[in-house]
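Novice: Provided below are the primary sequence and the corresponding predicted coordinates.
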Amino acid sequence: EAGVTQFPSHSVIEKGQTVTLRCDPISGHDNLYWYRRVMGKEIKFLLHFVKESKQDESGMPNNRFLAERTGGTYSTLKVQPAELEDSGVYFCASSQFRDIEAFFGQGTRLTVV
Amino acid sequence: EDQVTQSPEALRLQEGESSSLNCSYTVSGLRGLFWYRQDPGKGPEFLFTLYSAGEEKEKERLKATLTKKESFLHITAPKPEDSATYLCAVRPYGNNRLAFGKGNQVVVIP
């Protein structure tokens, strides 16, 4: 069974540019989560999809971040325009049901210069 | 706000030297406590879920326990391949967010 897959693995962009991260969850997993780890800090929640609907987006830092999940399959997280403080590792996770463990992807390391 | 504190931050062990990692948590109501392992450059890998005080789970050289205020991850006779960062996370009642600690970085020396 394929795990959670994220693209790209690394991205270096200039301040003010746009970046789109993609996550392919495990097949059949309705729940999809985005998390972020900035340097020196713990992993923090960004948002939660159930199928194509945003269930909880309380962790999104500001309106420069836009997450979508078309058709309840893969998800994208767009940062526009990127700022220096957006640098970090962005993780995607998925689970079949809400109350059980989530499985994480390998992460996308975003560096804004 | 839900808080998770892990100690020690870093730990160096000789191969075969057993030890324990601590995860203290403050949460309005615990729906689940999770342990993950993370290797450099990779995402967190699921290890255990604990739901209620007194519960224990084991996998190879790892054993996780849970009380009302903390969880321990016991590493028995560790091997170099157990070197990793171990992450603790809690899921409270009322939402589906995981609140993570900063992790315990473990290095096992041959």
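Specialist: Structure received.
Novice: any idea where the strands of chain A begin and end?
Specialist: For chain A, applying DSSP state E gives strands covering A:5-7, A:10-13, A:19-24, A:31-37, A:44-50, A:53-56, A:65-68, A:75-79, A:88-95, A:103-104, A:108-112.
Novice: Put together JSON lines for these, with distance to residue B:74 and mean pLDDT on each row.
Specialist: Glycine gets a C-beta too; all of them are placed from N, C-alpha and C. Formatted as JSON lines, the strands of chain A follow (distance: least, C-beta to C-beta, whole Å; pLDDT from 0 to 100):
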{"stretch": "strand A:5-7", "distance to residue B:74": "32", "mean pLDDT": "97"}
{"stretch": "strand A:10-13", "distance to residue B:74": "36", "mean pLDDT": "98"}
{"stretch": "strand A:19-24", "distance to residue B:74": "33", "mean pLDDT": "98"}
{"stretch": "strand A:31-37", "distance to residue B:74": "26", "mean pLDDT": "97"}
{"stretch": "strand A:44-50", "distance to residue B:74": "27", "mean pLDDT": "96"}
{"stretch": "strand A:53-56", "distance to residue B:74": "33", "mean pLDDT": "95"}
{"stretch": "strand A:65-68", "distance to residue B:74": "38", "mean pLDDT": "98"}
{"stretch": "strand A:75-79", "distance to residue B:74": "36", "mean pLDDT": "98"}
{"stretch": "strand A:88-95", "distance to residue B:74": "26", "mean pLDDT": "97"}
{"stretch": "strand A:103-104", "distance to residue B:74": "23", "mean pLDDT": "96"}
{"stretch": "strand A:108-112", "distance to residue B:74": "32", "mean pLDDT": "98"}
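Novice: Reformat these as JSON lines; add mean neighbour count and distance to chain B.
Specialist: Shown next, in JSON lines, are those (neighbours: other C-beta atoms under 10 Å in any protein chain shown; distance: least, C-beta to the nearest C-beta, whole Å):
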{"stretch": "strand A:5-7", "mean neighbour count": "17", "distance to chain B": "8"}
{"stretch": "strand A:10-13", "mean neighbour count": "14", "distance to chain B": "10"}
{"stretch": "strand A:19-24", "mean neighbour count": "18", "distance to chain B": "11"}
{"stretch": "strand A:31-37", "mean neighbour count": "24", "distance to chain B": "7"}
{"stretch": "strand A:44-50", "mean neighbour count": "21", "distance to chain B": "4"}
{"stretch": "strand A:53-56", "mean neighbour count": "14", "distance to chain B": "6"}
{"stretch": "strand A:65-68", "mean neighbour count": "16", "distance to chain B": "15"}
{"stretch": "strand A:75-79", "mean neighbour count": "20", "distance to chain B": "15"}
{"stretch": "strand A:88-95", "mean neighbour count": "23", "distance to chain B": "6"}
{"stretch": "strand A:103-104", "mean neighbour count": "22", "distance to chain B": "4"}
{"stretch": "strand A:108-112", "mean neighbour count": "19", "distance to chain B": "8"}
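Novice: In TSV, list these along with distance to residue B:21.
Specialist: Formatted as TSV, those follow (distance: least, C-beta to C-beta, whole Å):
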stretch	distance to residue B:21
strand A:5-7	27
strand A:10-13	30
strand A:19-24	29
strand A:31-37	19
strand A:44-50	21
strand A:53-56	29
strand A:65-68	33
strand A:75-79	31
strand A:88-95	21
strand A:103-104	19
strand A:108-112	26
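Novice: Any idea which of those strands gets closest to residue B:26?
Specialist: strand A:44-50 (16.3 Å; C-beta to C-beta).
Novice: doesn't residue A:46 make contact with residue A:56?
Specialist: No. Judged on C-beta atoms under 8 Å, residue A:56 makes no contact with residue A:46 at a distance of 9.5 Å.
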